[in-house]
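1. model the following, please.
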Amino acid sequence: MKPTIFLTIIFLFTTPAFAQLKTLNDHFPFTPPQTLEEWQDRRDDLRRQILVSQGLWPMPEKTNMKPIVHHPVKRDGYIVYGVILEAVPGYFLTGNLYVPQNADDKMPGVLCPHGHWNNGRFFQYGDGEFAEAVKTGGEKYDPSSRFPLQARCVTLARLGCVVFHYDMIGYADSMQLNHRPGVRDAMNTPENWGFFSPQAELRLQSMMGLQTLSSIRALDWLASLPEVDETRIAVTGASGGGTQSFLLAAVDDRVSLAFPAVMVSTSMQGGCTCENANYLRVGTGNVELAATFAPKPMGLTAADDWTRDMATDGFPQLQQVYALYGAQQNAALFPHTEYPHNYNFLSRDDMYRFVNEHFKLGHDFSQKNHTPPDTIEQPFEPLTVEEMSVWTSEHPRPEGDQVGDVFERKLLRDMDLRSKTQIEKLPPEEFNKIFRAALETMIGWQEPMPNGQLVEWDAVMKKKFRVTDKRTGLAAHVLELMPRGLKFTEWCVFVSRNGISDFMDEAGEPTDVIKKCLAERKAVQILDLYGQGDNGGPLEKADLGGYGNRSEPWQHSLAYTYGYNPTVFSQRIHGLLTTLTLIAKIKRPEQKVTLYGLHGGAPYAAVARARISDRVDTLIIDSQDFRFADIEALDDVNMLPGIVKYGDLPAILKLSDPQTTEIRGE
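-> Take a look at the predicted model:
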């Protein structure tokens, strides 16, 4: 049958062409939709995308954090406590709680993730660094500017806020896990895996996910304190702490004000593994992710770093989203691009004013009320590291099997077990809803708009043509074989691991299974999906990118590729879904569609059927006992992060009608 249909596409949200890998250092423009309804639909998809990427879809069951709040240190106008929380069983979240003294009413709560400062919560400038910061005007006074992280917490407490300054993984008192361990052979086994291994990725277990879950648990605890007004909770941090700030604000409705400093931009998206996770920024970027917080108050800062162009590229688009709600006044940018990457004196001052205004704290910041007169920050007695540390003789620091590789393996095994138990408890209807939504994020293919046009056919030779999704440029190469007389009542679509060649013998003739379909007067389409045959060239392994020069093991994380680009597996599924969608458009009502997944094609056919079940009447697969959990290499073409978390191939097949599914090989 000679292809005669040519269709063009109309769509709302552009996804990038996949021919070239996108990296964290590329440009991530954001074009807001025209209507609030369109944006709210998009926002819901983005929030789900964040949660799936973090391994938090569904949200893990909350466990008892067994909070320990001890060794109070009294200062002028506030008290500082050491805090130990068991964010997940066995893993401790540590930090300091700053509480104003003599407060009568409930007070706002503020979370402060610190970011990538040396020693994290314990950071202080050395003499030379401090002198340079003062010389350039970025900092002003000792000690507030010498201890800028403490100064932020002290000043917020003096303004009347309860502040929890907590450790990010591998900093200060958080010493059970290394901050950037990277891929390690000893931590890459099916039974005893660590972060960044295939087994961890297949379960969406990541350093970033653990960090985000820790931020959620920090919020759980802060909001539970009797002195905290849970209707006024803010989060603010810079750099990696800024990433945590806007992500927490995006996914947790309890946050009512966010101030992510020097992180939100259309340029570099976050260099650390604690800022990258599979799926997180596929088809989106930090500005759009931050916009999900609208219309609630959000303040941003810019510096002489990747945020330097925010005033013209990024913030105007963010304001457009706020304008859809009539809330432009709630979005603010404070550019200090004369200074390098920072959360300096000027930016902190902007943050205090922003919090004071939107939380209605009622402070008068006129100069006459302050000494020194030109700053909200006032002198304070800094805490020593010993005073800040939560580990004492009564509460000794973890050791032995509570730290290092042994602990990491146990932590991931236990998290996997709890996830399985949680999912197994779900009613089938609820699980199917959750899993289908997760697949939408993991595969990334969008349905065409109603009456929208999706694909074009492009003839290559007499019996072979391309079916191209014009949103992405991805194509399936299709070999079409028709029965004599061109009369048929069934379409048979075949996919495999290697493509068309799997269904041809050495003489170039169709194999028996194809001949049988033709003899039964069925139309046959055999597909070369992405990377198969001459469709993009032979591709034996996923093309994994990386961060920087990739000289360190941690810079090889899978998230630096699949956090920005669809997986090879999903790109193959795109071609199959596009072909099935086109068949649905052109077939006669009485014609059926049977999808075959043979010769290693079972996972492609099963996922495609689960994704668009209404376009496939019958699914026939030869599973060959395939399981995603058996994947041993990060660059395997079938790597689909997260799929084992949701139950692997058996769970995918449960999304199909068992009455119209035939499984061979099990």
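2. leaving out sequence neighbours, find the closest residue to the spatially most central residue of the chain.
-> The chain has L280 as the residue nearest its centroid, 2.8 Å off, counting by C-alpha atoms, centre = their mean. Spatially, and ignoring its direct neighbours in sequence, L280 is nearest to S53 (4.0 Å; C-beta to C-beta, 6 or more residues apart in numbering). Placement of C-beta: from N, CA and C, glycine included.
3. for V390, same thing?
-> In this structure, V390 finds its nearest non-sequential neighbour in G82, 3.9 Å apart by C-beta to C-beta, 6+ apart.
4. you'd agree the one you found is in a helix?
-> No. Under DSSP: H, G, I helix; E, B strand; the rest coil, G82 falls outside any helix and is assigned strand.
5. quick revisit: R48 is in contact with the residue nearest to the centre of the chain, correct?
-> No. Assessed by C-beta atoms under 8 Å, L280 is found out of contact with R48, at 11.8 Å.
6. who's V69 bridged to?
-> V83 (DSSP bridges).
7. list the contacts of it.
-> V69 is in contact with 81-83, 97, counting by C-beta atoms under 8 Å, 6 or more residues apart in numbering.
8. now with 7 Å, please.
-> Counting by C-beta atoms under 7 Å, 6 or more residues apart in numbering, V69 touches 81, 83, 97.
9. so the nearest residue to the first one once chain neighbours are set aside is in which element?
-> Nearest in space to Y81, with sequence neighbours left out and distances taken as C-beta to C-beta, 6+ apart, is L97 at 4.5 Å. Secondary structure here is read from DSSP states H and E; on that basis L97 sits in strand 91-100.
10. tell me what that strand is packed against?
-> strand 78-88, helix 148-158, strand 162-166, helix 207-224 (3 or more C-beta pairs under 7 Å, 6 or more residues apart in numbering; DSSP states H and E).
11. that one: which residues count as buried?
-> By 16 or more other C-beta atoms under 10 Å, the buried positions in strand 91-100 come out as 91-100.
12. where along the stretch 401-550 of the chain do the strands fall?
-> Along the stretch 401-550 of the chain, the segments classed as strands by DSSP state E, counting those that start in this stretch run 455-459, 464-469, 475-481, 490-495, 523-528.
13. same question for the stretch 251-400 of the chain.
-> Using DSSP E, counting those that start in this stretch, strands in the stretch 251-400 of the chain cover 257-261, 298-302, 331-335.
14. who's in contact with the residue nearest to V390?
-> 70-71, 96, 389-390.
15. hmm, back to that, switch the contacts of V69 over to CSV; also include pLDDT and distance to T212.
-> Formatted as CSV, the contacts of V69 follow (pLDDT from 0 to 100; distance: C-beta to C-beta, whole Å):
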residue, pLDDT, distance to T212
Y81, 98, 24
V83, 98, 19
L97, 98, 21
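16. can you list those residues in TSV and add distance to E230?
-> Putting those into TSV (distance: C-beta to C-beta, whole Å) gives the following:
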residue	distance to E230
Y81	19
V83	18
L97	16
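17. helices and strands around the host helix or strand of T243, which ones?
-> Secondary structure from DSSP H and E places T243 in helix 240-251. Under the contact definition 3+ C-beta pairs under 7 Å, 6+ apart, helix 240-251 sits against helix 36-53, strand 107-113, helix 207-224, strand 228-238, strand 257-261, helix 286-291.
18. so how far is it from its chain's centroid?
-> Centre-to-centre, helix 240-251 and its host chain are 11 Å apart (C-alpha atoms, centre = their mean, to the nearest Å).
19. can you check stretch 379-390 too?
-> 35 Å.
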